[in-house]
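> here are the coordinates; sequence isn't available:
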């Protein structure tokens, strides 16, 4: 059984000052209460913690051992409490953010650095993953908030979806694309469902959900039997497969802006406009955010909605 924490706190101050009187003043309790608490702790541990000399307390070996155990915890506790109280006055402490992999890698380090210039007491952890990874971590409290790809979540069912607050922030153009060499050899200008569904594909995940949603949007059909020649776990790996002429894949057009303009990567277009993926801010609906979280979210929104970034993710194929 662990000893009573209040008695450990009394012991800590008695050991620190080697005085019952000073400890009682620090703790704002009577000297009698300090002595009683110390005596009870010794009975509880069945050891003497101090040798009582005339107006002096000398720690025993057991007392030295206990102080070495207790003192780091109390010092850390005091520092932590100060941090918690400080966070109510100015942004400070840890913010835990979830993000799509490529977006998080390319965007968040810059925004974190800019935020820390204004609020240097804030530190970050970032979790990268798809919505199936991010949503549960927000629900469990492991993440304070996250950004998710709404397009890739279509047809997915998340438990208790209504507990989340979902606010669209970014419109990201999503395209089907292949290398110029693959296009000239296999597509040859034929963008029909029959032709496209018979070709090779690079899939971002085992379910092929992103590919299926692209076909559903453009042709109102799910292509069930796609020939997936490569399944990968990152957007960049899909792009690499495309560049190496392995087939077609669904990607965010802004990531390959230069390659599209140079004609190295060819978007597969239909009569419909390109898919717009909504990257949305997700938080727990009933959670009361801290000052630090609210300040960071407002900072993030201001940056995303600024003229610098507002069109960055859109209309690459028509530039």
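Thanks, I have the structure now. Keep in mind it's a predicted model, so treat the numbers as computed, not measured.
> all contacts plus neighbour counts: C-alpha atoms, from now on.
Noted.
> which residues of this protein score low on pLDDT?
86-88, 150-160, 205-207, 223-224, 307-319 (pLDDT under 70).
> Please, where are all the strands along it?
In the chain, the strands defined using DSSP state E lie at 50-53, 56-59, 93-99, 122-128, 145-149, 164-179, 200-203, 227-231, 249-252, 265-268, 275-284.
> right, so of those, which gets closest to residue 30?
strand 56-59 (17.5 Å; C-alpha to C-alpha).
> Which residues outside that closest one are in contact with it?
Applying C-alpha atoms under 8 Å, 6 or more residues apart in numbering, the set of residues contacting strand 56-59 from outside is 15, 18, 19, 49, 50, 51, 52.
> what bridges to the closest residue to residue 168 other than its chain neighbours?
Taking C-alpha to C-alpha, 6 or more residues apart in numbering as the measure, residue 168 lies nearest to residue 280, with 4.0 Å between them; neighbours along the chain are not counted. Here residue 280 sits in beta bridges with residue 148, residue 168, as judged by DSSP bridges.
> my guess is residue 280 contacts residue 172, does it?
No: assessed by C-alpha atoms under 8 Å, residue 280 is found out of contact with residue 172, at 10.6 Å.
> So the two - more neighbours on which side?
Between residue 280 and residue 172, counted using other C-alpha atoms under 10 Å, residue 172 has the larger neighbour count: 23 against 19.
> Dig out what the more buried one forms beta bridges with.
residue 277.
> doesn't residue 252 make contact with it?
Yes: assessed by C-alpha under 8 Å, residue 172 is found in contact with residue 252 at 6.8 Å.
> what's the neighbour count on residue 285?
With other C-alpha under 10 Å as criterion, residue 285 counts 12.
> what separates it from residue 52, distance-wise?
58 Å (C-alpha to C-alpha, to the nearest Å).
> now residue 262
86 Å.
> Then residue 67?
17 Å.
> the more surrounded of those two?
Higher neighbour count among residue 67 and residue 52: residue 67, with 19 against 11, using other C-alpha under 10 Å.
> picking up where we left off before, who wins for most neighbours among the contacts of strand 56-59?
residue 49 (24 neighbours).
> Can you get me a residue count around the closest residue to residue 226 other than its chain neighbours?
Spatially, and ignoring its direct neighbours in sequence, residue 226 is nearest to residue 197 (6.2 Å; C-alpha to C-alpha, 6+ apart). Neighbour count for residue 197, taken as other C-alpha under 10 Å: 17.
> Next: residue 299.
15.
> Quickly note the distance from it to residue 293.
Distance from residue 299 to residue 293, by C-alpha to C-alpha: 10 Å.
> Show the contacting residues for the nearest residue to residue 165 once chain neighbours are set aside.
Among residues not flanking residue 165 along the chain, residue 285 sits closest, at 4.7 Å (C-alpha to C-alpha, 6+ apart). Neighbour list for residue 285: 163, 164, 165 [criterion: C-alpha under 8 Å, 6+ apart].
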